[in-house]
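Participant: Can you look at this prediction? I've put the sequence above it.
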Amino acid sequence: MANTRIYLSSPTMHGEEQVYVKEAFDTNWVAPLGKNVDEFEKSVAKYVGVKEAAALNSGTAALHMAVKLAGVKRGDIVLCSDLTFAATVNPVTYEEGIQVFIDSEPETWNMDPEALEIGLRKYNAKAVIAANLYGTPAKLDEIQALCQKYNVTLIEDAAESLGATLNGVQTGAFGKYNALSFNGNKIITTSGGGMFLSNDEEAVKKVRFWSTQARENCPWYEHKEIGYNYRMSNIVAGIGRGQMLHLDEHIAQKKAIYMRYKEGLKDLPVKMNPYLQNSKPNFWLSCLTINKGEKVTPEDIRLALEKENIESRPIWKPMHMQPVYRNNDFITAGTKPLSEDIFARGICLPSDNKMTAKQQDMIVGIIKGLF
Ligand SMILES: *Cc1c(COP(=O)(O)O)cnc(C)c1O
């Protein structure tokens, strides 16, 4: 284990981040909100093509705000992606709503519109939360049309997919309310943070209000509603401003990594994570599934890589398989849950943009050695 650790996806800094952070120090605008927050919000909103954005301290907070704006209250049903990170769906519980999990489709691994329509017929749902896994856009146009047809609020969890597009439209612009994450391992990072995006300016105003403790416009502390401490600091936003200058570069690097895996692994009985021809993923994580009937398991790959000090990770364990959600309904359009199958046969490969071609070739070699 001589080599230095290769990560799944670690922060990549460039220098401008520190310039903006220094500016905040130099002007003593360390706190509260300030120029970095304003400029970071503007740059992301412009990039994604939405009217307004509110920088928050996590993507989970942005999703929570979205669920609140959708009016989810005790007992309300929210139809959610099944194959995702728990943070996509947990905010429903914060508002005492009930998640119903929707299976994946095979073309993007994301929410299956067919299963979604079954769910929309079965339940009088308050909202839909659709995630774009690993930077691959879901069938967002179909999901959006279904939400319109059934008059349900669409919340897009674009935490993993900043910069990805479907039909030329950025992810994070399809939902009525949209969430991004700048957690440490995402395509760009602020060390930790998130953003709420919407074309509804009143909604973004409300998020700014709720996320700063719901203080009424009074000299004293007057509260008519319950608030939260969810805002992003001006220091953290400085990192984000610097990172935005390199988002396209990160995406190009991630794409090159995906293509190199695809080429290197093409003779093995495996498939890379799929995407639609009319989409451009941001290729945040390269993943593969091992074909059915093979003896090699994802865990074999993970352990073989770990032995060489290389990080990889199982696919998200589906929400309907999580002990905490054992009583929630799950809807599939097929006979067997596809999300379970992807989880059983899939793995996220090291996708760090600082990984060299040589290191990647070594990873491909280790995987090939198992078959
Ligand atoms: C990272 C992530 C989140 C949560 O973002 P945080 O900033 O870590 O709170 C939500 N959903 C998905 C799909 C994610 O990958």
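Facilitator: Good, I have the coordinates. Numbers count the residues shown, from 1 in each chain.

Participant: what's the neighbour count on the closest residue to Y94 other than its chain neighbours?
Facilitator: Among residues not flanking Y94 along the chain, H64 sits closest, at 5.6 Å (Cβ to Cβ, 6 or more residues apart in numbering). Using the backbone N, CA and C atoms, a C-beta is placed for each residue, glycine as well. Residues lying near H64 (other Cβ atoms under 10 Å) number 26.

Participant: Provide the secondary structure category for H64.
Facilitator: Assigned with DSSP: H, G, I helix; E, B strand; the rest coil, H64 falls in the helix class.

Participant: swap in C218?
Facilitator: Here C218 is recorded as coil under three-state DSSP.

Participant: Can you tell me how far it is from the ligand?
Facilitator: Look at C218 and the ligand: by Cβ to the nearest ligand atom, to the nearest Å, they are 31 Å apart.

Participant: which sections of the stretch 1-150 of the chain are below the confidence cut-off?
Facilitator: 1-2 (pLDDT under 70).

Participant: Could you double-check that S191 sits in contact with G184?
Facilitator: Yes. Counting by Cβ atoms under 8 Å, S191 touches G184, with 6.2 Å between them.

Participant: ok, back up a step: dump the residue contacts of the residue nearest to Y94.
Facilitator: If you count contacts by Cβ atoms under 8 Å, 6 or more residues apart in numbering, H64 has them with 91, 94-95, 228, 230.

Participant: Neighbour-wise, which one of those residues leads?
Facilitator: P91 (26 neighbours).

Participant: what is in contact with S191 and G184 at once?
Facilitator: Common neighbours of S191 and G184 (Cβ under 8 Å, 6+ apart) are P11.

Participant: I'd like to know how many residues surround T356.
Facilitator: Using other Cβ under 10 Å: T356 sits among 10 other residues.

Participant: For V72, see how far away it is.
Facilitator: Look at T356 and V72: by Cβ to Cβ, to the nearest Å, they are 46 Å apart.

Participant: all strands for the stretch 201-350 of the chain, in order.
Facilitator: Listed in chain order, the strands of the stretch 201-350 of the chain (DSSP state E, counting those that start in this stretch) span 270-272, 279-280, 287-290, 313-314, 330-331, 346-348.

Participant: Repeat that for the stretch 1-150 of the chain.
Facilitator: 52-56, 77-81, 98-102, 127-131.

Participant: and of those, who's closest to the ligand?
Facilitator: Set against the ligand and scored by Cβ to the nearest ligand atom, the strands of the stretch 1-150 of the chain come closest in strand 127-131, at 4.6 Å.

Participant: ok now that closest one, how far from the chain's centre?
Facilitator: Relative to the chain's own centre, strand 127-131 is displaced by 12 Å; criterion: Cα atoms, centre = their mean, to the nearest Å.

Participant: Neighbours of I143, how many?
Facilitator: Quick note: I143 (other Cβ under 10 Å) scores 25 neighbours.

Participant: Spit out the contact partners of it.
Facilitator: Contact analysis of I143 by Cβ under 8 Å, 6+ apart lists 111, 113, 116, 128, 130, 154, 174.

Participant: mind redoing it with 10 Å?
Facilitator: Residues counted as contacts of I143 (Cβ atoms under 10 Å, 6 or more residues apart in numbering) are 79, 81, 102, 110-113, 116-117, 128, 130, 154, 156, 174-175.

Participant: picking that back up, between the contacts of H64, which sits nearest S351?
Facilitator: P91 (26.6 Å; Cβ to Cβ).

Participant: The closest one reaches A159, doesn't it?
Facilitator: No. Look at P91 against A159 with Cβ atoms under 10 Å: they stay out of range, at 12.0 Å.

Participant: between those two, what contacts are shared?
Facilitator: Both P91 and A159 are contacted by 60, 62-63, 179, under the criterion Cβ under 10 Å, 6+ apart.
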